[in-house]
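Peer 1: coords please:
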Amino acid sequence: MKSAMRLSRWLVAVVLLGVLGLAAPASAQALSEADFHNLVLTAKTTADHTKLAAYYRAHAVEHEADAKQHEAIAAAASKKRDDDSWEIARAAQHYAEHSKEAAEALRDLAKVQDGLAERAKPAK
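Peer 2: Presented below is the predicted three-dimensional model:
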């Protein structure tokens, strides 16, 4: 029981640190969801595509931070020898792997936007 309580406290601390760490990249986006969706559909200029590339990169950073957070959770939980901790470790590692894949896909989208920015018309 004591080890489950310690694990729970440790997981709460890791989650809080991760959430606090995600605040900076999210604010770096400087685009609301509505503005982002509109810009994706209407982007024509170098500036438009550059904004989208920055948005994708900021979002990739969020996913990378999420992956690190869940890798830490998996590592801590895997040190415990009970079934609940094993389940937490397995699920957290699975999520971390998907977060890394999402970050990679977002970086790819940013590269696409960089290429479109090079070919786009400069803003008037």
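Peer 1: in the longest helix that the chain contains, which residues are buried?
Peer 2: Secondary structure of the chain read by DSSP state H shows that its longest helix is helix 83-119. The neighbour-count criterion (16 or more other CB atoms under 10 Å) identifies 85, 88-89, 92-93, 95-96, 99-100, 102-103, 106-107, 109-110, 113-114, 116-117 as the buried residues of helix 83-119. In short, each C-beta sits where N, CA and C put it, glycine included.
Peer 1: not counting stretch 87-104 itself, show me its contacts.
Peer 2: Outside stretch 87-104, the residues that touch it by CB atoms under 8 Å, 6 or more residues apart in numbering are 7, 11, 60-61, 63-64, 66-71, 73-75, 77-78.
Peer 1: of those, buried ones?
Peer 2: Among these, those scoring as buried are 7, 11, 60-61, 63-64, 66-71, 73-74, 77 (criterion: 16+ other CB under 10 Å).
Peer 1: what's the farthest-apart pair in those?
Peer 2: Leu7 and Ala60 (29.9 Å; CB to CB).
Peer 1: low-confidence ranges in the chain?
Peer 2: 1-29, 123-124 (pLDDT under 70).
Peer 1: switch the cut-off to 50
Peer 2: 12-13, 16-17, 19-28 (pLDDT under 50).
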